[in-house]
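[1] curious how this folds, go ahead:
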Amino acid sequence: MTELSQIRQGALAPANTADVAEAMMSATGLRIDIDRRRGRGAGINMSGRFEPRSRETFDDGWESLEDLPPFKTEVQVEKPRTVITRNESPDISFDRSINPYRGCEHGCIYCFARPTHAYMGLSAGLDFEAKLFAKPDAPRLLERELARQDYKVRPIAIGTNTDPYQPIEKEWRIMRQILEVLRDANHPVMIVTKSAMVTRDIDILAPMAEKGLVRVGISVTTLDRKLARTMEPRASTPSKRLEAIRMLAEAGIPAGVLVSPIIPALNDHEIERVLEGARTAGATEASYVLLRLPLEVSPLFRDWLLRNYPDRYRHVMSLIRSMRGGKDYDAEFGKRMKGAGPYAWQIGRRFDLAVKRLGFNPTRRQLRDDLFVPPLGTGVQLSLL
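    Down below sits the predicted model:
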């Protein structure tokens, strides 16, 4: 029985009428053939929300959809004027970040950064995973910005939007060059990644750690390899991420685990197991984020959930909405990361008890900012004085 038939016959009952309409659309017209999107997270590629026209792939009887090429990873060069992004969000711990890439080949279906691809006239769906942008000038621009006389040192966060260690980093090596600039300037940095590739740069990170300049967080969503492959198709396997934590810790690099996102009725039963595995590997800090479904992420996630876990669709979405004021997402500061309501409280309480039992977060280390030395490299304009 197809998903559409299940919906029509009542065997599969999404939470409300809007879900029924969207599920029926994705099951009939908007979903991309599996052979074209093999190895990708998203199943649809709807037009960006700023586009004046929407696009839909359908068979018009002249040529078969089977003749369309599969989605292949394409990388374009982006030339920004600056590389440090500032923010004033009251519920995050940093005020600046760097994103070496736009879009992410990991293809995590829940990625809250997906809607940013609309600013490029592209889809938050498959385009976000396949049409990527690299910023090879980022190290030079960073060098120039750090050399400004009015620059004030604060830790820079990397990996907060798209992963700096996604597969294309193997070829472009932009993240490594950025770390070299930060190392030479004794600048503090916080890194978040789902990739074991971070261990490639231990030779840079270990000396920085000795000076108290770096902290690395590894995001571990699940220990279920099958779920991870479906939900995060091109990210490192859970075992590889735990191994990365172990290698970082053994090299003296402060390593933490980010249990993110927690998805009710899908991976929330694993909270304690993930924390135990990370603690055994050597992680000393732990935090979590509840699933966030802003803008286009909501239909993408719902389509994914319907394709892969149709029997859980209604239950998962009902619990999500119970923590988001009856909506798929509530962007209110203070609530967007953790949610609200009894189920959100239960998740937070379980997490806190496990963290306390396992000895996480004894004293959070503050990265040093008193060792900073402004760079004098090729990307820096020298003073005329």
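
[2] so where's the stretch 201-350 of the chain uncertain?
    Scanning the stretch 201-350 of the chain with the threshold set as pLDDT under 70 gives no residue ranges.

[3] and Ala206, what does it touch?
    By Cβ atoms under 8 Å, 6 or more residues apart in numbering, the contact list for Ala206 reads Ala251, Gly252, Ile253. C-beta: built from backbone N, CA, C; applies to glycine.

[4] likewise for Gly48?
    By Cβ under 8 Å, 6+ apart, the contact set of Gly48 is His117, Ala118, Met120, Gly121, Leu122, Ser123, Ala124.

[5] from those residues, which two are the most distant?
    The most widely separated members of these, counting by Cβ to Cβ, are Gly121 and Ala124 (11.6 Å).

[6] and the contacts of Ala206, which is closest to Arg102?
    Taking those together and measuring to Arg102 by Cβ to Cβ, the closest member is Ile253, at 27.1 Å.

[7] SS state for the nearest residue in space to the closest one that is not next to it in sequence?
    Nearest-residue entry for Ile253: Ala209, 4.4 Å, with adjacent residues in sequence omitted and distances by Cβ to Cβ, 6 or more residues apart in numbering. The three-state assignment at Ala209 reads helix, by DSSP: H, G, I helix; E, B strand; the rest coil.

[8] cool, Leu258 as well?
    Secondary structure assignment for Leu258 (three-state DSSP): strand.

[9] on that earlier part again, among the contacts of Ala206, name the buried ones.
    Neighbour-count burial (16 or more other Cβ atoms under 10 Å) applied to the contacts of Ala206 gives Ala251, Ile253.

[10] closest to Arg144 among the contacts of Ala206?
    Ile253 (27.6 Å).

[11] quick one: the closest one from Leu142, how far?
    Distance check for Ile253 against Leu142: by Cβ to Cβ, to the nearest Å, it reads 21 Å.

[12] ramachandran angles for the residue positioned nearest the centre of the chain?
    When Cα atoms, centre = their mean is applied to the chain, the residue found nearest the centroid is Cys111 (4.9 Å). With angles defined as degrees, to the nearest 10, Cys111 sits at phi -60, psi 120.

[13] now, among the contacts of Ala206, which is nearest to Thr222?
    Nearest to Thr222 among the contacts of Ala206 is Ile253, at 23.9 Å by Cβ to Cβ.

[14] for the closest one, what are its contacts?
    The contact partners of Ile253, by Cβ under 8 Å, 6+ apart, come to Ile202, Leu205, Ala206, Ala209, Val214, Val216.

[15] swap in 10 Å and give it another go.
    Contacts for Ile253 (Cβ atoms under 10 Å, 6 or more residues apart in numbering) come out as 191, 198-199, 201-202, 205-210, 214-216, 245, 247, 282.

[16] if I look at it, how far off is Gly282?
    Counting by Cβ to Cβ, the gap from Ile253 to Gly282 is 10 Å.

[17] between these two, which contacts overlap?
    Here Ile253 and Gly282 have Ile245, Met247 as joint contacts, going by Cβ under 10 Å, 6+ apart.

[18] picking that back up, more neighbours: which of Gly121 and Ala124?
    Between Gly121 and Ala124, counting by other Cβ atoms under 10 Å, Ala124 is the more crowded of the two (28 against 11).

[19] before we move on, the earlier item: columns secondary structure and distance to Met337 on top of the contacts of Ala206, output as a markdown table?
    A markdown table is the format used below for these (DSSP: H, G, I helix; E, B strand; the rest coil; distance: Cβ to Cβ, whole Å):
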| residue | secondary structure | distance to Met337 |
| --- | --- | --- |
| Ala251 | coil | 30 |
| Gly252 | coil | 30 |
| Ile253 | coil | 25 |
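
[20] any idea which of the contacts of Ala206 is closest to Ile158?
    Proximity of the contacts of Ala206 to Ile158 (Cβ to Cβ) peaks at Ile253, which lies at 14.4 Å.

[21] from Ile218, how far off is that closest one?
    Ile253 is 11 Å from Ile218, where distance means Cβ to Cβ.

[22] overlap in contacts, these two.
    Residues touching both Ile253 and Ile218 (Cβ under 10 Å, 6+ apart) are Ile191, Val198, Ile245.

[23] any of those buried? List them.
    Counted by 16+ other Cβ under 10 Å, the shared contacts of Ile253 and Ile218 give Ile191, Val198, Ile245 as buried.

[24] filter these down to the ones in strands?
    Ile191 (DSSP state E).

[25] out of the buried ones among the shared contacts of Ile253 and Ile218, which comes closest to Gln166?
    Among these, Val198 lies closest to Gln166 (Cβ to Cβ), at 11.4 Å.

[26] pull up the pairing partners for the helix or strand that Ile218 is a member of, direction included.
    Assigned by DSSP states H and E, Ile218 belongs to strand 214-219. Strand 214-219 has the following strand partners under DSSP bridges: strand 189-193 (parallel), strand 255-262 (parallel).

[27] how about those in TSV, adding distance to Met231?
    Compiled in TSV, these are given as follows (distance: least, Cβ to Cβ, whole Å):
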stretch	distance to Met231
strand 189-193	16
strand 255-262	10
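
[28] nearest to Leu291, out of those strands?
    Ranking these by proximity to Leu291 (Cβ to Cβ) places strand 255-262 first, at 4.1 Å.

[29] tell me how far the closest one lies from the chain's centre.
    Computed by Cα atoms, centre = their mean, to the nearest Å, the chain-centroid distance of strand 255-262 equals 11 Å.

[30] next, the buried residues of it.
    Ala255, Gly256, Val257, Leu258, Val259, Ser260, Pro261, Ile262.

[31] next up, the contacts around Asn267.
    Applying Cβ under 10 Å, 6+ apart to Asn267 gives the contacts Thr221, Thr222, Leu223, Asp224, Leu227, Ala228, Met231, Val259, Pro261, Arg273, Val274, Leu291.

[32] closest to Arg312 out of the residues you listed?
    Of all the contacts of Asn267, Arg312 sits closest to Leu227, with 11.6 Å by Cβ to Cβ.
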